[in-house]
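Undergrad: Pasting a predicted model and its sequence here:
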Amino acid sequence: MSVTVKNPRRDAATRNAGDQDGYVLRVKDLDVQYYTDAGIVYANNKVSFDLKPGERLGLVGESGSGKSTLALALMRMIHEPGRIAGGQMLLDGTDLTQLGEEQMRLTRGSEIGMVPQGAMNSLNPVMRVRDQLIDAMEDHNLGLTRAQMEGRVVDALRAVELDPRVGDMYPHELSGGMKQRACIAIAIIMTPKVIIADEPTSALDVVTQRQVMQTIGRIQQEMGSAVILIGHDMGLMAQFVDRLAVMYAGSLVELGSVQDSFTEPLHPYTQMLISSLPVLGKRGVFRSIPGITPLLRDLPPGCVFHDRCPKVMEVCKVKNPALLEHRPQHWAACHLYGNGNEGER
């Protein structure tokens, strides 16, 4: 089934052309800080990455590593006491940090969409699903008639494999999987260039998780949109994404293809994350990462992972490593590899 929903405000020939370097999204040195009585919380610290049209990027890390904060920053939904303190977020060459509130409101949904974490709390409980889809279109002044918007609702619901009659239902009448699909329908109704999926399968059973991810993957391919998938499930990442970005304590510590990241991870944190995965045939054997994530308002000097790292060196305790390309298209922020040259692992 093809996705037929369109955004009339975007030329079909250029909607996924990307910027002059071929990227649809470029994040450069993004800083997100929260100002509290106890001090400044560095939720995102100089985060940089690129995203090509149609690419799938996975964003992983422990709870509190800054993944969801990054998603909210991309949507310009960081509120007081937080703020975007520095950096750029270039969507097709347009810096989202420089847009006015009204411009950004129109960009959300039409150019960059989000499937939120926890569909249970994301849908309006007193509005029918159809009205919530139409509300998103009306908010963007697409110039469509009511009949045209009704047609789009039907197309969007069918695209996520929901019966159009679901549009007449209230959220409490839907199952968890149906609610998540309804959230996906809202996110794709205007065919955005980038779709952010923030743990879209949390609280769903494994069968429904697979169905939801298959739906996201199929729609993404048909629309040609890029996807940023945020989550903890490394197995899901291995099956779904093209590249993997690993975050720790607000910083991006490794970025590479999903194959390289799983077969030859560079950063010790990534290595330990992968080694903590359950192994078939070793039932009841679990490996954890010793220690805890540091407080984001009290980060240690040097590498933020050094107090938990089994390969720590003296330089790690005083100097914060830069994110460098140590192998073709494979970046890591680690002193083990020197200044671009691999060292002993």
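TA: Thanks, I have it. Given the structure is predicted, the values throughout are model-derived calculations rather than measurements.
Undergrad: wait, what's in contact with the residue sitting nearest the centre point of the chain?
TA: Per Cα atoms, centre = their mean, the C-alpha nearest to the average position across the chain is that of Ile228, at 3.7 Å. Listed by Cβ atoms under 8 Å, 6 or more residues apart in numbering, the contact set of Ile228 reads 51, 57, 59, 71, 74, 194-197. In short, each C-beta sits where N, CA and C put it, glycine included.
Undergrad: 6 Å instead?
TA: 57, 196 (Cβ atoms under 6 Å, 6 or more residues apart in numbering).
Undergrad: what pairs with the helix or strand hosting it, and is each one parallel or antiparallel?
TA: Ile228 belongs to strand 226-230 when assigned by DSSP states H and E. For strand 226-230, the paired strands and their directions (DSSP bridges) are strand 56-60 (parallel), strand 194-198 (parallel).
Undergrad: and the angle for the lengthiest helix in the chain with strand 194-198?
TA: In the chain, assigned by DSSP state H, the helix with the most residues is helix 206-223. Here helix 206-223 points in a direction 170 degrees away from that of strand 194-198 (axes from the mean of the first three to the mean of the last three Cα atoms, to 10 degrees).
Undergrad: Now helix 206-223: average pLDDT?
TA: In this model, helix 206-223 has a mean pLDDT of 89.
Undergrad: how far is that helix from where the chain is centred?
TA: Offset of helix 206-223 from its chain centre (Cα atoms, centre = their mean, to the nearest Å): 15 Å.
Undergrad: Start the count at 18 instead of 1 going forward.
TA: OK, 18 is where the count begins now, so the last one is helix 223-240.
Undergrad: elements contacting it?
TA: Counting by 3 or more Cβ pairs under 6 Å, 6 or more residues apart in numbering; DSSP states H and E, the packing neighbours recorded for helix 223-240 are helix 193-205.
Undergrad: May I see the buried residues of the helix or strand harbouring Gln276?
TA: Secondary structure from DSSP H and E places Gln276 in helix 275-280. Across helix 275-280, burial judged by 16 or more other Cβ atoms under 10 Å covers 275, 277-279.
Undergrad: Could you do stretch 294-302 as well?
TA: Taking 16+ other Cβ under 10 Å as the criterion, stretch 294-302 shows none as buried.
Undergrad: swap in stretch 243-255?
TA: 243-248, 250-251, 253-255.
Undergrad: Closest one to Met264 out of these, please.
TA: Met264 lies nearest to Ile247 out of the buried residues of stretch 243-255, by Cβ to Cβ, at 9.5 Å.
Undergrad: Let me see the ranges of the helices in this structure.
TA: According to DSSP H, the helices that the chain contains are 84-91, 118-124, 146-155, 163-176, 193-205, 223-240, 251-257, 275-280, 285-292.
Undergrad: quick one on the thing from earlier: now what about the longest helix of the chain, what contacts it?
TA: Outside helix 223-240, the residues touching it (Cβ under 6 Å, 6+ apart) are 19-20, 176-177, 194, 197, 205, 208, 218, 244, 257.
Undergrad: Which pair of those spans the longest distance?
TA: Ser19 and Thr218 (24.0 Å).
Undergrad: Look at the closest residue in space to Asp250 that isn't next to it in sequence and report its pLDDT.
TA: Leaving aside its sequence neighbours, Asp250 sits nearest to Thr218 (Cβ to Cβ, 6 or more residues apart in numbering; 7.5 Å). We have a pLDDT of 83 for Thr218.
Undergrad: Distance of the nearest residue to Tyr40 once chain neighbours are set aside relative to Gly248?
TA: Among residues not flanking Tyr40 along the chain, Asp67 sits closest, at 4.7 Å (Cβ to Cβ, 6+ apart). To Gly248, Asp67 is 20 Å away according to Cβ to Cβ, to the nearest Å.
Undergrad: Also Arg93?
TA: Separation of Arg93 from Gly248 (Cβ to Cβ): 22 Å.
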